[in-house]
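Peer 1: Build me a model:
(one chain, ligands or ions: 2)
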Amino acid sequence: MQRTLIKNIDRLLGVAEEPPPLLRGKALATLPELTQAWLLIEDDRIAAFGEMGGELPRADVVIEAFGGSVLPAFVDSHTHLVFAAWREGEFVLRLQGKSYEEIARAGGGILHSAARLRQMPEEALYEQALQRLEEVQNQGTGALEIKSGYGLDTDSELKMLRVIRRLKEHSAAPVKATFLGAHALPLAYKNDRAAYIRLLIEQMLPRVAAEGLADYVDVFCEKVAFSVDEMEQILEASAKYGLKPKVHVNQFHALGGVEAAVRHGAVSVDHLEVVSERDLQILAKADTLAVILPSAPFFLNDHYPPARQMVDRGLALALATDYNPGSSPSGRMAFSISLACIKCGLLPAEALQAATVNGAHALELGELCGSITPGMRADLILTKPIPSPAFIPYAFGSNWVERVFLGGK
Ligand code: NIG
Ligand code: FE
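Peer 2: Ligands and ions are numbered 1, 2, ... in the order given. Model prediction:
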């Protein structure tokens, strides 16, 4: 067994003796900390922590924190980081006045990404995605979720999911895979939407399930994508394979997707830039997490989810990046945390906990990561010396990360 001790930690943030429950309301605002601390890691797990001053536990490796702080690695519960090409051309079109939805309707956007991905061999896709994964891990992300959805035909969706499986096997921290065959309607099905839904349900889903390629199912429920009714057909079919929903709803319009997803036992409903009073009421009572992705409205120059109200109303809020080439070409969790504070009214402690504890719950990993708790994975960020946790969202352009540990390494 390898014992690693980190000593002289200014603040050990997000500590708990037991795995924290899903945090709601006021509980989100209290970020538990231990000052002047040490942390002991055994192999890939957190073993113990305590205050400096007394005798330190024996260890094989001793790491000096030099007054830096330690916090749980971020859990990014919503990404699309497997893709074939960036879409900076569309970015320029939007700067010239075209909207995301207009570009999508004209066959750009997700369909453009699908055209590029279909042409790219699996190996090249994997290599590119691995670089992105390593980049975000170096920025402090531990566990994360990755979606398919740029294939949109059976072979290409399977290709994407196999790339995600390889990333899972290679990653130093947990990766969850989500099947998003219903991300956009391919142009060939423009006049027969039902045929694509049938293809998805009758061909894609059984293959995805047979190869065990997905942990969750997702649908982009939106005017430019799939209706609530279409989403429900897909969720119903997916349930037969044990795939729980994590869905894109209410990015541009409140269509009733929240209520339907909750009814289908969704683990999370993601985006929520536009929410109705009824959506808030339903989510306040549901086990379903509300995942906000503020990098997307930042990049699309659109309005932000009402996260302040969501927390005050008792919703279980988590924060993720939505890393993708169209609406959030950034997988930097620290920037999402800054936006959650600056643009959505969260306090630093709330945003940090939404990005760690609740992020882990949004991937059903609440017992394994997202908190500094004995027995949990040692996925950690050691910071440069920072004055307080508020510095993390405050210094939005600085690299305050000194070192990242994934599985204790
Ligand atoms: O979460 N909204 C749908 N899916 C992505 C965007 C994907 C893309 O534009 O390529 C999102 O914003
Ligand atoms: Fe997304």
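Peer 1: which outside residues touch the least confident helix or strand in the chain by mean pLDDT?
Peer 2: Least confident helix or strand, the chain: helix 100-105 with a mean of 89, by mean pLDDT, DSSP states H and E. Contact with helix 100-105 is made by 90, 93-94, 109-111, 184, 223-224, 252, 300, 302, 326-327, as judged by CB atoms under 8 Å, 6 or more residues apart in numbering. All C-beta spots, glycine's among them, are computed from the backbone N, C-alpha and C.
Peer 1: now those residues in JSON lines, with secondary structure, neighbour count and distance to ligand 1?
Peer 2: Formatted as JSON lines, the contacts of helix 100-105 follow (DSSP: H, G, I helix; E, B strand; the rest coil; neighbours: other CB atoms under 10 Å; distance: CB to the nearest ligand atom, whole Å):
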{"residue": "Glu90", "secondary structure": "helix", "neighbour count": "20", "distance to ligand 1": "8"}
{"residue": "Leu93", "secondary structure": "helix", "neighbour count": "17", "distance to ligand 1": "13"}
{"residue": "Arg94", "secondary structure": "helix", "neighbour count": "15", "distance to ligand 1": "11"}
{"residue": "Gly109", "secondary structure": "helix", "neighbour count": "23", "distance to ligand 1": "5"}
{"residue": "Ile110", "secondary structure": "helix", "neighbour count": "28", "distance to ligand 1": "5"}
{"residue": "Leu111", "secondary structure": "helix", "neighbour count": "20", "distance to ligand 1": "9"}
{"residue": "Ala184", "secondary structure": "coil", "neighbour count": "23", "distance to ligand 1": "8"}
{"residue": "Lys223", "secondary structure": "coil", "neighbour count": "13", "distance to ligand 1": "11"}
{"residue": "Val224", "secondary structure": "coil", "neighbour count": "18", "distance to ligand 1": "9"}
{"residue": "Phe252", "secondary structure": "coil", "neighbour count": "18", "distance to ligand 1": "9"}
{"residue": "Leu300", "secondary structure": "helix", "neighbour count": "19", "distance to ligand 1": "8"}
{"residue": "Asp302", "secondary structure": "coil", "neighbour count": "15", "distance to ligand 1": "10"}
{"residue": "Gly326", "secondary structure": "coil", "neighbour count": "24", "distance to ligand 1": "2"}
{"residue": "Ser327", "secondary structure": "coil", "neighbour count": "23", "distance to ligand 1": "3"}
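Peer 1: right, and out of the residues you listed, which lies closest to Lys240?
Peer 2: Distance to Lys240, by CB to CB, is smallest for Ala184 among the contacts of helix 100-105, at 24.1 Å.
Peer 1: Near ligand 1, which residues of the stretch 151-300 of the chain are found?
Peer 2: By the rule CB under 6 Å from any ligand atom, the part of the stretch 151-300 of the chain lying against ligand 1 is 220, 248, 251, 296.
Peer 1: swap the cut-off to 8 Å and go again
Peer 2: Contact residues (CB under 8 Å from any ligand atom) of the stretch 151-300 of the chain with ligand 1: 183, 220, 222, 225, 248, 251, 270-271, 293, 296.
Peer 1: Please indicate which of those has the highest neighbour count?
Peer 2: Leu293 (31 neighbours; other CB atoms under 10 Å).
Peer 1: Quick check, pLDDT for that one.
Peer 2: We have a pLDDT of 98 for Leu293.
Peer 1: quick one, helices of the stretch 51-200 of the chain?
Peer 2: Remark: helices assigned in the stretch 51-200 of the chain by DSSP state H, counting those that start in this stretch are 88-95, 100-105, 109-119, 122-138, 154-170, 193-198.
Peer 1: need those in CSV with distance to Asn8, can you?
Peer 2: CSV is the format used below for the helices of the stretch 51-200 of the chain (distance: least, CB to CB, whole Å):
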stretch, distance to Asn8
helix 88-95, 44
helix 100-105, 48
helix 109-119, 46
helix 122-138, 23
helix 154-170, 33
helix 193-198, 58
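Peer 1: Which of those helices sits closest to Glu211?
Peer 2: Evaluated with CB to CB, the helices of the stretch 51-200 of the chain place helix 154-170 nearest to Glu211, the distance being 7.2 Å.
Peer 1: Tell me the gap between the closest one and the middle of its chain.
Peer 2: Here helix 154-170 is found 18 Å from its chain centre; the criterion is CA atoms, centre = their mean, to the nearest Å.
Peer 1: Next one: the residue most central in space within the chain from ligand 1, what distance?
Peer 2: The structure's the chain has its C-alpha centroid closest to Ser77; by CA atoms, centre = their mean the separation is 2.2 Å. Ser77 sits 12 Å away from ligand 1, going by CB to the nearest ligand atom, to the nearest Å.
Peer 1: Quick check: Lys7 vs Asp60, distance?
Peer 2: 14 Å (CB to CB, to the nearest Å).
Peer 1: I meant to write Ala124 there.
Peer 2: Ala124 is 40 Å from Asp60, by CB to CB.
Peer 1: hmm, the least confident helix or strand of the chain in reach of ligand 1?
Peer 2: Yes - Helix 100-105 reaches ligand 1 (CB under 8 Å from any ligand atom) through 100, 104.
Peer 1: mind starting the numbering at 562 from now?
Peer 2: With 562 as the first residue, the last one maps to helix 661-666.
Peer 1: now that helix, how far from the chain's geometric center?
Peer 2: 24 Å.
Peer 1: try stretch 812-819
Peer 2: That offset, for stretch 812-819, works out to 20 Å (CA atoms, centre = their mean).
Peer 1: Need the mean per-residue confidence for that stretch.
Peer 2: Per-residue pLDDT over stretch 812-819 has a mean of 97.
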